[in-house]
Structures are given as C-alpha cells and as structure tokens.
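Q: model this:
(chains A and B)
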Amino acid sequence: MFGYKGKILYVDLSSKKLIIREIPESLYREYLGGSGVAAKIFLEHYKEGLEAFSEENPLIIMTGPMAGTPTPAVSRFTISSLSPLTGIWGESNCGGFFAAKLKFAGLDGLVITGKSEKPVYLFVSPDSMEIRDASKLWGLDTYESEEALKEENGKDSEVIVIGPAGENLVPFASIVHRKGHLAGRTGMGAVFGSKLLKAVVAKGSESVEIARKDEYSSFLKEILQNYRENPLMAALKDAGSNSSFDLSLQMGDLPLRNWSVGDWPEGELLGPAYYKEKILVGIETCYACPVACKRVVEVKGGPFRTEKGPGPEYETIAEFGAMLQIPDLEFIAHVNSIANRMGFDTITAGSTIAFLMDMYENGVIGKDFLKGRDLRFGNKEAVLEIVRDLAYKRGIGELVSLGSQRLAGKVGKKANAFLTTIKGLEAPMHDPRSNFALALGYGLAVRGACHVSSLVFPVSFGFMYFPEIPELADFGDPHSEDLKPQLAVKAENFGMFFNHSAIWCIFGGSALNATQAVRFFNLVTGFDYSLEDLMERGEKIWYLKRGIDNLFGVQARDDRLPAKLKTPLPHGPTQGLAPDDEKLLKEYYKLRKIDPRTGKPAKEILESLELSELTTLLYR
Amino acid sequence: MFFKDAGELKQVLGGFFEKATLDKEFAKNFARSKILIRFNYSEPELSITLDMTDGENIFVTYNDREKKPEVDMDMKADTAHKFWLGKLNLTMAITRKLMVVKGSVPRVLSFIPVLQPTYQMYRDYLKEIGREDLIEVD
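A: Just a heads-up that it's a prediction; the model follows:
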C-alpha cells in the first residue's frame, strides 16, 4: 500500500488489550483517510444510548495518506468521537508534527475504547506499542506534561496531551501538541480525560512510501515554486492567521460584542501591525509546510507577562478581543498561554463569556448568578479569573466550563436571544451577515457551527479558489441567497475529501487548486481518481456524518442560525443585512434530498451511496 | 468598461488621488507606510504612482518610469474602480489574479486599516465631479 501504512491500532483501556488491525485497501479507496475513515469506524461502534463518556465511545485518531510525505500543508491528524459538548459527531484536526510521526511509527491511526483504572499514556513505535503509567503526569499542565514525556521518551518523539481541563472533563477541553497546535473544538480532550488517558506518544522513522516517486518529485518542485510566488502565502507567513484581521473588521466579518454591534474603532489595535509591534518574537511551522504561519510571542513585563511561546491565532484574538471588547494583545497573549496550558478551546470559552456578559448587561442575569462578579464587557480582571479557574471548575470558572448551551438551560428561555450556538457548538468568528453563504456553512456543519467543517468559508471569503468546480467559482453576491445552496453542497463534498480525509490545512492548502490536490493524492496513493470520483466519495462521507448526527437526534430545526447571527445590525458594514436561512435551507434540502422536517437524508440517496448500515439504523 | 480612455481614467482615479493629497491629515496617515507603489491599469492603460517615501505626503505621477516602486499592482481599471467604491473582495481579487501584486503583499495589506474612510471619499469625489453614474455599478 502506498501513502497509507495499512494498519490501525485498536486499544481497549479497560482490558489493556492492544490489537493491530490490517486495513484493506478497499476501505481507504472508499473513505480516503482522516475523518472519512473515522466516521466509518465510528458507525461500527455505534449503539443506542452511547454517551460521550461511555467506555464504549471510541476515540479515533486518524491521519491521511499524505501525512509524513513532503507534500505541503497536509501532515495533519483528526480526532473524532461522540462530543461531550454537543452530544453529536465530534471532530477536530491539528497540524504540527504528530501526524507524520504516527505514520513513522507504522500506523495510520488509533481507535481507543474503554477506560483505564489509573492515568495512563499510550506509547507507539515500530518496535513497541504499550499502555504506560501516567500517574505522575496527572494534574500537570500540557506544557509540563509534554516536556516530561519528551524527557522520558526522547526528543525525537511527538506528543499529544491533555491538560487539567481534559482531566476535569470540561466539555470543550482540547488536545494540545507542541504547546500551540490544538485539536481545539468539540471537547475531544474531555473524552481523553474520561478514559484516564493523558497522552499519546509516537516515535519512529519508518518512511511513507510514495507510489509514483519520480513524477511526484517533479510535481512537488513545481508546487513549491507556486508557494514561493503565491501572495496569500506571503501574507500568512508575514502575519499568520491574523493577517486578515483588518479586512474582517472592515467587511463586518468580525463579530463584535457578542455579535451585537457593527463598529469598533479600537479593533484596529488587534490587527497584524500591532501584533508585530507588541508581542511577536518569532515564527514556527508544521511538518513539510513552507508557509510557517504559526506565531511565537512573548510579553516581557507588565501585568500580563507571558513567557516566550505559541501566540494567539485569529479566532482567539477575535474571541477575547472583539467579542469581549478588550483591545489589548498582551492580555490576549496571556490568556492564550493559559488556555494552551490548561487545554481548552478558546472559541467556546470566549463565546461563553461573551454570552454571560451580554445577558448581564441586558439584565437577564445579575451578580448573584455570576458569583458576585461584575462581568461587563471589557472587564479584564474578571475574564482572567475565569480563564484561570475554568479548567478546575472553580468559582465563576465553573459556570463558563459548562459552555453556552448548558448555561442557557440554567438561565431559562430569556437566554436564547443571546445564544450563538448551532447544535450546541458556539459559532466561530466570521459573520453570516457579511457573507450569506455562512448561514448554510454553519447550519449544516456536521459538528455544529463551524467554519472549517466544509470549504464554504474559505471559498466564499475568497482565499481558496477551485475554478474546476463551477459552483465554487461563481456563487453570486455575498449578500444574496442566490447560488449559495449549490455552493454549500459542493463545498461540503469537496471539503470532505480536501480538509477532512486528505486533511489539508485550510491555510497552507489554499495555494492549491482542485486539480493539483487530486494529483498529489493520486501520485502518493497510486490510485487513479478523477476529481469527480473524489467528490462522490466526499459526498458519501458527508451523508455518513450527517446520518450519525441524525442518530443522535439532530433534526432539521437544528440547522437554523440562532437569532443573534441573523438579526440585522443598526450600524456598520453590514447595516440592515441578514441572510434568510429558511429560504436557503428550503433549496438546500431539495438538493441534498433531506426531509425538511426530520432532517434525515432520503433512504434512496443513502442506498445509492451504499450506506446500507446507516440506512438500516435510520430507517428501521 | 467604466472608463472610455486613459484621459477619463486619469481624470477620475488620478483626480481622486490628487484630491486626497490635499487633505494633509489623511495624507499623513496614508503615508506612514513610506511606500512607493505603482498601479498599472489596463483597459484603458495608465499607470499611477503614489510616492509616500517622505512619510508625510503623497506625490502622484502618471506613467512614471523613473521612480522604482517597491510594489507594483496590475489590474484592470474597472477592478480598481470597484475596489475604491468598496465593492471588491480584496482577498478574492488577489486569489483570482484580478489584482496581481509584484512586491511585498504584507506591505499592501498594511494599508487596510487606513482604507476605511477612502471608500466614502471616493463616492463623494465622484459626486463632486458630476460622475454619479459611476457609483452604482455591479
């Protein structure tokens, strides 16, 4: 087998059994890799009543076929499981160096079930695969844990680890790698914690075989030259994921004050120029990525002194800056460092704090609900207290550790007007009022509101361009509903291949067009797929994940935007604008053959895609 | 094409840049970048160079081949017009090569924070010169 290692390690932490399963090429040909394969495996483990913290809930870590090859921006892994935050399909993916190392250890992925009696970590290499004691690491933060594990296993090992947030089952706990690469969303870190699994360590140097080596080498050379000449790659190298912050602010793409206002002049203080001036001290990259968009920051003195380490990404700056109305990059760098150490998702954390602030300032909740805190927008002291305490579920941190949806349940119906979740997941920092396509991008995202669950966002924002797919090349005015359902369907199908199964990074991968991506995939695997072939497999994977969501209760009513995201703003760049999600969904459901009431895909479409197991479960 | 010839383009876009240079506060803000940038327009053809190297003023010249720009930006005149109206997605224009940047892209992006007021200024200018017909375009 080329590209793939053909092996997945199955680990049962209850019985302490480890089994390496040989994976037939036919499975990879159909489900491609990454979360495509993970969804297939997840369905095999599905049973009624499964819960996120059930021993039977599988934690599936998967790479793609190009991880560990020199192909740019694709050495990533996905972690999938039933999400403790949303109660539906959860997944998150992550760059860095772990995916390549897992392949070098001889594995395509890991499927972890059961629950250990004591804290453990999993060690994998070509020579040994074992469950090891992690009692001494339990309670340590992610930085300390990774350092200790590298000390124990060698500097050439790669580690993914949880912090106190995962250990204490915060439902939006993340998995952290090299201190600043995070599988951030949907609480996969809490699933680790529920199994008393502290970390996975991979070590090895087995190479990944490429099917058509000579052709691959010359193609790679050509593509690397494209990277050197690509203006957006230059922008990413220069300013990281925050390079488009100023544009987002100007376009009305950046949500402000819990999605409630359209203007914020101080926002300029969070842009790339200030990032460089105030906190930037270096840059980092991921395995085989020529872009190097990761930032290294340091705050040398003052109240938010922060040691040199990974810097905040756009989403974190938007959440703790724009959403909470704190135009202070030193503060945000400090918060980011705590979040990385504790291991939690800054999108859910920031949005949950903004949700509380908004309700407090509008008199829906009082100080008594907030444990005596004056949680107004801009209150740095209170935010810092929350960030320090939420992983330990202490004080006001305990409230925020629930996430927005559960908190809304505690407040009552009045909270709904302030919520920003879809299917239980807080929306990320791009506003559908400035780009109507996002109403479907978020509404139909299989893990809940998300900008990377498909390619709707990167394509409609403009930094990805796939001229070979007509629906992704021409999709009309951003403030019109026209052509958006067609865009969404194709962006989901292609995305299931591109950034979910092959697992290209949405930033580094954006230098490629569809033809180039397909060619890389074929050259590495030796397959001979056309773009259409891969779109068909992407479609199948999308329906599989949607069907899994349906099994856990998702209905059509769950595909709507929350009121906050579709209420026109009185001022600013999107003044008076909002997408009509009913109109968009009506057409979308027709295209997808989804029942507009139950939200289930029609039996015929599932059968035509040969998803027989799913069809049986949904229609028994 | 919104502009029938280079003369009209010079009158409209060039005139707008020249007017902007007279607003000392605006010019100073814009010129903080100390950049020398040249816009090479096609359909119709004209190049406009903005010299801000003294950090305080904007000097506008046309078809200037003597100054050596730090950044060259090639685009159709219609693309430029939509941009100054605030109707163009800059990221998409660069990705789709509607705007071709030769030189430092980060230097171009560093302008974004000071661009916000210019969109309205351009519309006001078009009204002032009696070219309201150029405002409502697709």
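Q: indicate the residue of chain B located nearest to chain A.
A: residue B:92 (2.9 Å; C-beta to the nearest C-beta). All C-beta atoms are positioned from the backbone trio N, CA, C, and that covers glycine.
Q: doesn't that residue fall inside a helix?
A: Yes. Counting by DSSP: H, G, I helix; E, B strand; the rest coil, residue B:92 falls inside a helix.
Q: wait, it touches residue A:464, no?
A: No. In terms of C-beta atoms under 8 Å, residue B:92 does not count as a neighbour of residue A:464; the distance is 9.7 Å.
Q: these two: who's more crowded?
A: Comparing residue B:92 with residue A:464 by other C-beta atoms under 10 Å in any protein chain shown, the one with more neighbours is residue A:464, at 28 against 18.
Q: what about the longest helix in chain B?
A: Longest helix in chain B by number of residues (criterion: DSSP state H): helix B:112-128.
Q: can you tell if it touches chain A?
A: Yes. Helix B:112-128 reaches chain A (C-beta under 8 Å from any C-beta of the partner chain) through B:112-113, B:115-116.
Q: out of the residues you listed, the closest to residue B:133 would be?
A: Residue B:133 lies nearest to residue B:115 out of the residues of helix B:112-128 next to chain A, by C-beta to C-beta, at 23.7 Å.
Q: contacting residues for the closest residue to the closest one other than its chain neighbours?
A: Nearest non-adjacent residue to residue B:115, counting by C-beta to C-beta, 6 or more residues apart in numbering or on different chains: residue A:250, 7.1 Å away. By C-beta atoms under 8 Å, 6 or more residues apart in numbering or on different chains, the residues touching residue A:250 are A:573, B:112, B:115-116.
Q: on that earlier part again, any chance of a PyMOL selection covering the buried ones in the residues of helix B:112-128 next to chain A?
A: Buried residues among the residues of helix B:112-128 next to chain A (16 or more other C-beta atoms under 10 Å in any protein chain shown), as a PyMOL selection:
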select buried, chain B and resi 112+113+115
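Q: make CSV from the residues of helix B:112-128 next to chain A and add pLDDT to it.
A: Converted to CSV, the residues of helix B:112-128 next to chain A look like this (pLDDT from 0 to 100):
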residue, pLDDT
B:112, 87
B:113, 85
B:115, 85
B:116, 82
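Q: still on that earlier bit, using CSV, write down the CA coordinates of the longest helix of chain B.
A: Extracted C-alpha coordinates of helix B:112-128, given in CSV (Å, rounded to 0.1, in the frame of the first residue of the first chain):
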residue,chain,number,x,y,z
ILE,B,112,-6.1,48.2,5.1
PRO,B,113,-6.6,50.0,8.4
VAL,B,114,-6.4,53.4,6.7
LEU,B,115,-8.6,52.5,3.7
GLN,B,116,-11.9,52.6,5.5
PRO,B,117,-12.6,56.4,5.0
THR,B,118,-11.4,56.3,1.4
TYR,B,119,-14.4,54.4,0.1
GLN,B,120,-16.8,57.2,1.1
MET,B,121,-14.3,59.9,0.0
TYR,B,122,-14.2,58.3,-3.5
ARG,B,123,-18.0,58.3,-3.7
ASP,B,124,-18.1,61.9,-2.6
TYR,B,125,-15.5,62.8,-5.1
LEU,B,126,-17.5,61.2,-7.9
LYS,B,127,-20.5,63.2,-7.0
GLU,B,128,-18.4,66.4,-6.8
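Q: distance check, residue A:75 against chain B.
A: 24 Å (C-beta to the nearest C-beta, to the nearest Å).
Q: that residue contacts residue A:97, correct?
A: Yes. With contact defined as C-beta under 8 Å, residue A:75 and residue A:97 form a contacting pair (7.4 Å).
Q: neighbour-wise, which of these two wins?
A: For residue A:75 versus residue A:97, neighbours defined as other C-beta under 10 Å are more numerous around residue A:75 (31 against 20).
Q: let's verify the nearest residue to the more buried one once chain neighbours are set aside: helix, strand, or coil?
A: By the measure of C-beta to C-beta, 6+ apart, the closest residue to residue A:75 outside its immediate chain neighbours is residue A:287, 4.0 Å from it. Under three-state DSSP, residue A:287 falls in the coil class.
Q: try residue A:29
A: With three-state DSSP as the basis, residue A:29 sits in helix.
Q: again with residue A:52
A: Applying three-state DSSP: residue A:52 is coil.
Q: which residues touch it?
A: With C-beta under 8 Å, 6+ apart, residue A:52 has these contacts: A:81-84, A:87, A:90, A:171, A:187, A:190-191, A:194.
Q: spit out the contact partners of residue A:58.
A: The contact partners of residue A:58, taken as C-beta under 8 Å, 6+ apart, are A:41-42, A:45, A:81, A:111-113.
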